[in-house]
Each structure stands twice: as C-alpha cells, then as structure tokens.
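Student: Structural data only, the sequence is not supplied:
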C-alpha cells in the first residue's frame, strides 16, 4: 500500500446521562461508514470554533436539545487507514468528549444529516446496540466514573 497523506479530523462530543440512560444518535443510512450504528451526539469542530461551543452546537443539531457544558472527560484518538473495506484516504480522528447536562426535552432527530435518530438508551441495554468506537469509548468513560 502506498503511504499517502492523511488528514486530522477534530470533533467534540457530548456524554449525556439522565435517569440511568445515555443519549445516543444513530448514524444515517447515507453515511459511508458505520451506517445504522449508534454514536455520541457531536461532530466536527469548525475552523475557528472553540470545541466547548462546537459540542453544544452539534448536540442541538442532532437532538434538538440545549446542553449545559461540563468538564472535558476524555480524548478519543483513532487512526483509520485505507483498506479493502475502507477505500477513503487515511484519517486521524480526535474526539473531545465532554460531560454535558441536558435538562430539557423533547428529542428532535437531525434532518438530512449524518444522524437520523436520537434516543435515551438505558445503560444496561447498551450491549445490545451496535456502537461506533467513539460511543464504546464513552461507555468506558461512564464505567470508570461509576467505579470512583
């Protein structure tokens, strides 16, 4: 395989827990990778945008909820290289995962975006869902927090 230049993608994601449930968004069927799998609400930080603002903007775009920012909980980092199943150029995805409180309702799924559904999923039911690696990282952050 030819060593080709990759790109860095910076994202900001919300880890929202309420009533023993985690807020997740489902990847739309139109996305190239992970269609139908569940992820944390969030997405790309725009040029010049602070990640603290990006996480709240993305949360609102994907769920309709207005969040209250909390601390940075962890940094997800994964390199995705070109392969037989992944023909796109290499990408290094760095995701900043924030603790975000969402006091309001109702949920409103994103229209014509990278996600097509959002839901509060009981924490004890997460094992039954297909999760993207970022969401699995978020679940691990929850587990560590519960052990403290």
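Tutor: Nice, thanks for sending it over. These figures come from a predicted structure and were not determined experimentally.

Student: my read: residue 135 touches residue 40, true?
Tutor: Yes. Counting by Cβ atoms under 8 Å, residue 40 is a contact partner of residue 135 at 5.4 Å. C-beta: built from backbone N, CA, C; applies to glycine.

Student: Give me the distance from the longest helix along the chain to the chain's centre.
Tutor: Of all the elements of type helix in the chain, the one with the most residues (DSSP state H) is helix 133-147. Distance of helix 133-147 from its chain centroid, counting by Cα atoms, centre = their mean, to the nearest Å, is 12 Å.

Student: list the helices and strands that helix packs on?
Tutor: The contact analysis (3 or more Cβ pairs under 8 Å, 6 or more residues apart in numbering; DSSP states H and E) places helix 133-147 against strand 7-15, strand 21-27, strand 38-39, strand 68-80, strand 91-101.

Student: Residues in contact with the first one: which ones?
Tutor: Read that as strand 7-15. Strand 7-15 is contacted by residues 22-23, 39-45, 51-52, 54-56, 58-59, 67, 73, 76, 89-100, 102, 134, 138, 141-142 when judged by Cβ atoms under 8 Å, 6 or more residues apart in numbering.

Student: Any of those residues buried? List them.
Tutor: Neighbour counting by 16 or more other Cβ atoms under 10 Å classes 22-23, 39-43, 45, 51, 54-56, 58-59, 67, 73, 76, 90-91, 93, 95-100, 102, 134, 138, 141 among those as buried.
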